[in-house]
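**Q** I would like the atomic coordinates for the input below:
(one chain, ligands or ions: 2)
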Amino acid sequence: MAFRSLATATRSSLRIGLIPADGIGREVIPAARRTLEALGSDLPKLEFHDLLAGFDLFTKTGAALPNETIDIEGGCDAALFGAVSSPSRKVAGYSSPIVALRKELDLYANIRPVVSVEKPSVDLVVVRENTECLYVKQETLTHTDSGREARATRLITERASRRIGTMAFELALARPRKQVTIIHKSNVLSVTDGLFRETVRAVPRLPGVSGRFDSVAIAEQIVDSAVYRLFREPEIYDVMVAPNLYGDILSDAAAALVGSLGLVPSVNAGDSFVMGEPVHGSAPDIEGQGIANPLAAIRSAALMLRHLKYEDAADRIDTAVNHVIREGRVLTPDLGGKSKTDEVVEAVLRRL
Ligand code: NAI
Ligand code: MG
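**A** Ligands and ions are numbered 1, 2, ... in the order given. I've put the predicted structure just below:
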């Protein structure tokens, strides 16, 4: 996959912020680091910065995302984020550091390729808008005569829809099938999803685009039937572009098609910064057992490199990971194997 040029691969060193955060983030980010270190002369000298964030940090210090983390990360060339254990209830003073980081660094796109190694029928990428929709987190609770009433604001802007749409068309242009499917629910939410749909559809006709996307086919699908078709005939999709919440749900659903959330990588991308992040969460059910699948985090490191234009290094990682999956001898339990995280990392390193 090619990206719009973020930077050229001519640096003498590459500064990477590492934010393992919570749960298995602390197990899979070191795995990604080891893989990057093993690439040797394919990359400039690597400089890692260990950075703090997360719910555990919040419970200890009262801050989930210290200013220092934002400052240092902003000064790096790129970053890798693990996962955060956000509680399902409201906790006074706490707000998700990953949602905040995406906003602070204006990482407006979450790009999530989902590719099957064994059944070659799934090869799609979910392009999720990363800054608005219901994730603006403007929720209110009022007490009424008939009980409590909760409301949330859903923000969709033309600006954010246009730039995520442009990102989706650019990605599609670099892929063999060149198709963008707009995911929406504008049959019900005609104002918010209507604006998203209409704005993304209009991207090829923007001033300055002048025919650039003529070879890209545009399709659209209502989100609920998109999930149905994703399970029935995943091969029909190439690039799926969606508002924040639909994109989040669709990519977890698509992960089920390729075997495990532990395989699906992503990058949070803006015009001047990229942060790799496995799609999965902090997986408290398996935390600390040494059995977390490190492949999503390792693939996220590859995707980060691709974004920085280190295509050869990224290819080496992806080829090694695909080999390990196809071979099927060294796999973590989520893929039906018996191996530990470290053993999978070793298997990838042997194949690099
Ligand atoms: P989850 O993705 O953490 O786990 C879902 C299921 O998949 C679990 O059974 C887990 O064991 C399994 N799984 C996930 N990643 C795996 C891996 N690498 N290897 C093996 N198995 C894996 O989602 P869940 O359980 O809904 O959320 C747990 C916590 O993670 C919550 O606090 C949630 O807020 C947080 N979360 C954070 C995200 C982030 O940091 N971006 C994204 C999603 C959830
Ligand atoms: Mg998710």
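
**Q** Around the closest residue to ligand 2 within the stretch 101-250 of the chain, count how many other residues there are.
**A** Residue nearest to ligand 2 within the stretch 101-250 of the chain (C-beta to the ion): D248, separated by 4.5 Å. Just so you know, the C-beta spots here come from the backbone N, C-alpha and C atoms, and that holds for glycine as well. Neighbours of D248 under the rule other C-beta atoms under 10 Å: 20.

**Q** Next to ligand 1 in this structure, residues from the stretch 151-300 of the chain, please.
**A** For the stretch 151-300 of the chain, the residues in contact with ligand 1 (C-beta under 6 Å from any ligand atom) are L261, G262, H280, G281, S282, A283, P284, D285, I286, A292, N293, A296.

**Q** pretty sure the fourth one is touching P87, no?
**A** No: G281 lies out of contact with P87 (C-beta atoms under 8 Å); the separation is 11.9 Å.

**Q** In terms of neighbours, single out the busier of these two.
**A** Counted by other C-beta under 10 Å, G281 and P87 do not tie: G281 has more neighbours, with 18 against 11.

**Q** For the more buried one, which non-adjacent residue is closest in space?
**A** In this structure, G281 finds its nearest non-sequential neighbour in A83, 4.9 Å apart by C-beta to C-beta, 6 or more residues apart in numbering.

**Q** show me the contacts for P87.
**A** P87 makes contacts with F55, Y94, as judged by C-beta atoms under 8 Å, 6 or more residues apart in numbering.

**Q** Please name the nearest non-neighbouring residue to the residue nearest the centre of the chain.
**A** Central residue of the chain (C-alpha atoms, centre = their mean): S266, 2.9 Å from the mean position. Once flanking residues are discounted, S266 sits nearest to R112: 4.3 Å by C-beta to C-beta, 6+ apart.

**Q** so that neighbour touches V125, yeah?
**A** Yes: assessed by C-beta under 8 Å, R112 is found in contact with V125 at 6.5 Å.

**Q** These two - which one has more neighbours?
**A** R112 (27 against 23).

**Q** list the contacts for that one?
**A** By C-beta under 8 Å, 6+ apart, the neighbours of R112 are V125, V126, V127, R128, G247, S251, A254, V264, P265, S266, V279.

**Q** Correct me if wrong, but it is in a strand.
**A** Yes: remark: R112 belongs to a strand, assigned using DSSP: H, G, I helix; E, B strand; the rest coil.

**Q** does it have beta-bridge partners, and which?
**A** Per DSSP bridges, the residues bridged to R112 are V126.

**Q** could you point out which element follows the helix or strand harbouring R162?
**A** Assigned by DSSP states H and E, R162 belongs to helix 158-173. Next along the chain after helix 158-173, taking DSSP H and E as the criterion, comes strand 179-184.

**Q** Do me a favour and average the pLDDT over that next one.
**A** Mean pLDDT, strand 179-184: 98.

**Q** Could you give the separation of it from the chain centroid?
**A** 17 Å (C-alpha atoms, centre = their mean, to the nearest Å).

**Q** right, and the helix or strand after it?
**A** helix 192-201.

**Q** hmm, who's touching the helix or strand just after that following helix?
**A** The helix or strand immediately downstream of helix 192-201 is strand 217-222, counting by DSSP H and E. Residues from elsewhere that reach strand 217-222 (C-beta under 8 Å, 6+ apart): 178-187, 197, 201, 204, 229.

**Q** likewise stretch 132-140?
**A** Residues contacting stretch 132-140 (C-beta under 8 Å, 6+ apart): 95, 99, 150-157, 160, 243-245.

**Q** again with stretch 183-194
**A** Under C-beta under 8 Å, 6+ apart, the answer for stretch 183-194 is 154-156, 196-197, 220-224, 226, 240-243, 246-247, 250.

**Q** Pull it out as PDB, backbone CA atoms only.
**A** What follows is stretch 183-194, C-alpha atoms only, in PDB (Å, rounded to 0.1, in the frame of the first residue of the first chain):
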ATOM      1  CA  ILE A 183     -20.200   3.500   4.600                       C
ATOM      2  CA  HIS A 184     -23.000   5.600   6.100                       C
ATOM      3  CA  LYS A 185     -26.500   5.500   7.400                       C
ATOM      4  CA  SER A 186     -27.900   8.500   5.700                       C
ATOM      5  CA  ASN A 187     -31.300   6.900   5.200                       C
ATOM      6  CA  VAL A 188     -31.800   7.600   8.900                       C
ATOM      7  CA  LEU A 189     -29.200  10.200   9.800                       C
ATOM      8  CA  SER A 190     -29.700  12.300   6.700                       C
ATOM      9  CA  VAL A 191     -28.000  15.400   8.000                       C
ATOM     10  CA  THR A 192     -24.800  14.000   9.600                       C
ATOM     11  CA  ASP A 193     -24.300  10.900   7.500                       C
ATOM     12  CA  GLY A 194     -25.800  12.800   4.600                       C
END
